[in-house]
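Chemist: model the structure of this input:
(2 chains)
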Amino acid sequence: MTYKSQRTVVSMAAGVLSFAAYVAYALGKNAREPESGLASWAVLMLIFIGVAVVAQIAVQIVFHLARSIGIAVREGGDDKQVERIIKAAMVEDEMEKLIGLKSAHIGYICAGTGFVAALAVLALGASGVSALHVLLGSFAAGSMIEGGVSVRLYERGVRNG
Amino acid sequence: MNGAFGMAEKLTITNNIRKLRFFADEMTQLALAEKAGISRQTVISLESGKYTPSLELAFRIANAFAVPIGDVFECKDGP
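Modeler: Prediction:
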């Protein structure tokens, strides 16, 4: 697996863990305070979004450190060669942009479908909190699918046009 | 079908990057990536036929080997 695939998988893993932590906490909150209003859930979601962003940054820092150490060990401590390898892997070229566009497109479709599903949930008479959760779930799913599509395109290839 | 309203068939574009690297004193993928301003991952994808580059990148790769673009890329379905 290449650097960009690994980076995406690590990012997806951090996303899954953050979302799982949110789901576990939300289930507990729902059991404790079944009458919580929209504002209370919105605050909780904002807090978890912040936590997820910080977790992503921390995980990426650890991943890049571990990878740099791995390359340094493999190259026998040749600093210039290590720097060259890391730089060459991190270049954002047209293939990366194309893969980013294609995977983001699929991610947006998923998030958009979630928005429609949230509206349908509201139309069917469910609470605003349920609709909010459908929306959050679809964004999380969209993000995961986007990551999965990126990895698939990095590994299987992509065509211009 | 390649009609006025039909989708044009996709062309099969192959490349000789691996061969050209060999003849360029076994230029490494890393060195080619640096010369063409792309990532090593992209060089790997190009060599294995998993990625078809834009015209600009195709020219940059040809320039990196100092050869005409036709020596690097070939269209299998062409004349």
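
Chemist: surely B:Arg77 is in a strand?
Modeler: For residue B:77 the amino acid is Asp, not Arg. No: B:Asp77: not assigned to a strand; according to DSSP: H, G, I helix; E, B strand; the rest coil it is coil.

Chemist: for it, which non-adjacent residue is spatially closest?
Modeler: Nearest residue to B:Asp77, sequence neighbours excluded (CB to CB, 6 or more residues apart in numbering or on different chains): B:Leu11, at 5.0 Å. Quick note: C-beta positions are derived from backbone N, CA and C, even for glycine.

Chemist: these two touch, right, that neighbour and B:Phe73?
Modeler: No: with contact defined as CB atoms under 8 Å, B:Leu11 does not count as touching B:Phe73 (10.6 Å).

Chemist: okay, the two: which has more neighbours?
Modeler: Taking neighbours as other CB atoms under 10 Å in any protein chain shown, B:Leu11 and B:Phe73 compare with B:Phe73 leading, 20 against 11.

Chemist: tell me the phi and psi of that one?
Modeler: Torsion angles at B:Phe73 (phi, psi; degrees, to the nearest 10) stand at phi -110, psi 140.

Chemist: ok, B:Asn15 next?
Modeler: The phi/psi pair for B:Asn15 (degrees, to the nearest 10) reads phi -140, psi 160.

Chemist: surely it meets B:Glu47?
Modeler: Yes: using CB under 8 Å, B:Asn15 is in contact with B:Glu47, at 7.4 Å.

Chemist: how about stretch B:28-48: buried residues?
Modeler: Neighbour-count burial for stretch B:28-48, with 16 or more other CB atoms under 10 Å in any protein chain shown as criterion, is recorded at B:29-36, B:38-43, B:45-47.

Chemist: no wait, stretch A:9-29
Modeler: Residues of stretch A:9-29 classed as buried: A:Val9, A:Val10, A:Ser11, A:Met12, A:Ala14, A:Gly15, A:Ser18, A:Phe19, A:Tyr22, A:Ala26 (neighbour count, 16+ other CB under 10 Å).

Chemist: tell me the two of the residues you listed that are most distant?
Modeler: Maximum pairwise distance among the buried residues of stretch A:9-29 (CB to CB): 25.5 Å, between A:Val9 and A:Ala26.

Chemist: ok, and what's touching stretch A:105-117?
Modeler: Residues from elsewhere that reach stretch A:105-117 (CB atoms under 8 Å, 6 or more residues apart in numbering or on different chains): A:Val134, A:Leu135, A:Gly137, A:Ser138, A:Phe139, A:Ala141, A:Gly142, A:Ser143, A:Ile145, A:Glu146, A:Val149.

Chemist: okay, the residues you listed in CSV with neighbour count, distance to A:Ser36 and secondary structure next?
Modeler: Shown next, in CSV, are those (neighbours: other CB atoms under 10 Å in any protein chain shown; distance: CB to CB, whole Å; DSSP: H, G, I helix; E, B strand; the rest coil):
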residue, neighbour count, distance to A:Ser36, secondary structure
A:Val134, 20, 17, helix
A:Leu135, 18, 17, helix
A:Gly137, 16, 17, helix
A:Ser138, 19, 21, helix
A:Phe139, 17, 20, helix
A:Ala141, 16, 23, helix
A:Gly142, 20, 25, helix
A:Ser143, 19, 25, helix
A:Ile145, 17, 29, helix
A:Glu146, 24, 30, helix
A:Val149, 19, 35, helix
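
Chemist: which ones among the residues you listed come in contact with chain B?
Modeler: Subset of those in contact with chain B: empty, counting by CB under 8 Å from any CB of the partner chain.

Chemist: report the longest helix in chain B, please.
Modeler: Across chain B, the longest stretch assigned as helix under DSSP state H is helix B:55-65.

Chemist: good, wrapping up.
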